[in-house]
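Student: Sequence first, then the predicted structure:
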Amino acid sequence: MSAIKIKNLKKSYLDKRRIARSNGSQPINHVIDVLNDINLEFEDGEMVCILGPSGCGKSTLLRMIAGFEQATSGEVLINDAPIEGPRADNIFVFQHSGLLPWMTVWENVELGLRHLENLQKKDETIQEYISMVELTGFEHHYPHQLSGGMLRRAELARALAVNPETLIMDEPFSGLDFLTHMKIREEVVNMHEFMRKTTLVVTHDIDDALIMGDRVIVMSERPATIKLEKKLNFGRPRDLGQNPELKELRDEIFFMLGVSYAI
Ligand SMILES: Nc1ncnc2c1ncn2[C@@H]1O[C@H](COP(=O)(O)OP(=O)(O)OP(=O)(O)O)[C@@H](O)[C@H]1O
Ligand SMILES: [Mg+2]
């Protein structure tokens, strides 16, 4: 189980670069305020999609939840315990190029299952995850022998094999063609329905957020606050064109993100 609470979270970076001047290099010492007093709660098993303008601090927020970065003030709690650093057993960050290039699909998935001592059970589990993402037949291919969509599937199998309490996904569909994007999105939704892991997804795509999320969150420009938080109590699959409430929310979010009409 994994419930996450974010309390009064602030994050600023100090820009320590030096710039060249005729009398020698000068420090910048400029403070960049990224997150400004963020308060959020993620329930165990919930899938929450996070939207916001580019550069507002979405990845920063995810990195702090994963324990890769420390807060300037405020705190992140997992099951009421403060996060003190990365915890591989608890959180898995799904990222592109997350596969080790010198290992096959099978070996990459196996990485998450090293703890399994029963070898037969281990092999069955690896095969199960590989077939779940429809990569049967490609077990012994190396990452460079896969297409972009297959790579993303293999990354997903690797993430799920770790069986983390929380799955963090930063723009998981970027760079995929339209149809592959749709298919992998559907797979992520199906897997979430099946496994019910707490899943946080940052996306630039408003439709992704509305189709996938149990809840959607919109962040403001930097220094970021939470502009909108909305439960999406709609069954799946969701058809944005057919559901007036979702359609209205879609227009509202487009407007919020600076686009005055939704295409
Ligand atoms: N290590 C760092 N040092 C200094 N500034 C940083 C650092 N990491 C991020 N920033 C700054 O924090 C701000 C937020 O960055 P972040 O990557 O979280 O944005 P984002 O919302 O994920 O953007 P995008 O949608 O483009 O991915 C940016 O202005 C960035 O320059
Ligand atoms: Mg980002």
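Tutor: Thanks, I have the structure now. Ligands and ions are numbered 1, 2, ... in the order given.

Student: Could you look up the next helix or strand downstream of the helix or strand of the chain with the lowest mean pLDDT?
Tutor: Within the chain, no helix or strand scores below strand 91-94, which has a mean of 76 by mean pLDDT, DSSP states H and E. Sequence-wise, the next helix or strand downstream of strand 91-94 (DSSP states H and E) is helix 105-110.

Student: CA atoms only: put the longest helix along the chain into PDB for me.
Tutor: Scanning the chain for the longest helix, with DSSP state H as the assignment, gives helix 178-195. Taking Å, rounded to 0.1, in the frame of the first residue of the first chain, the C-alpha atoms of helix 178-195 are listed here in PDB:
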ATOM      1  CA  PHE A 178      -0.500   8.400 -32.800                       C
ATOM      2  CA  LEU A 179      -1.600   4.800 -33.000                       C
ATOM      3  CA  THR A 180       1.200   3.400 -30.800                       C
ATOM      4  CA  HIS A 181       0.400   6.200 -28.300                       C
ATOM      5  CA  MET A 182      -3.200   5.100 -28.200                       C
ATOM      6  CA  LYS A 183      -2.400   1.400 -27.800                       C
ATOM      7  CA  ILE A 184       0.200   1.900 -25.100                       C
ATOM      8  CA  ARG A 185      -2.100   4.300 -23.200                       C
ATOM      9  CA  GLU A 186      -4.800   1.600 -23.300                       C
ATOM     10  CA  GLU A 187      -2.300  -0.900 -22.000                       C
ATOM     11  CA  VAL A 188      -1.300   1.300 -19.100                       C
ATOM     12  CA  VAL A 189      -5.000   1.800 -18.200                       C
ATOM     13  CA  ASN A 190      -5.700  -1.900 -18.400                       C
ATOM     14  CA  MET A 191      -2.700  -2.700 -16.300                       C
ATOM     15  CA  HIS A 192      -3.700  -0.100 -13.700                       C
ATOM     16  CA  GLU A 193      -7.200  -1.600 -13.500                       C
ATOM     17  CA  PHE A 194      -5.700  -5.000 -13.000                       C
ATOM     18  CA  MET A 195      -2.900  -4.200 -10.600                       C
END
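
Student: Fine by me, thanks again.
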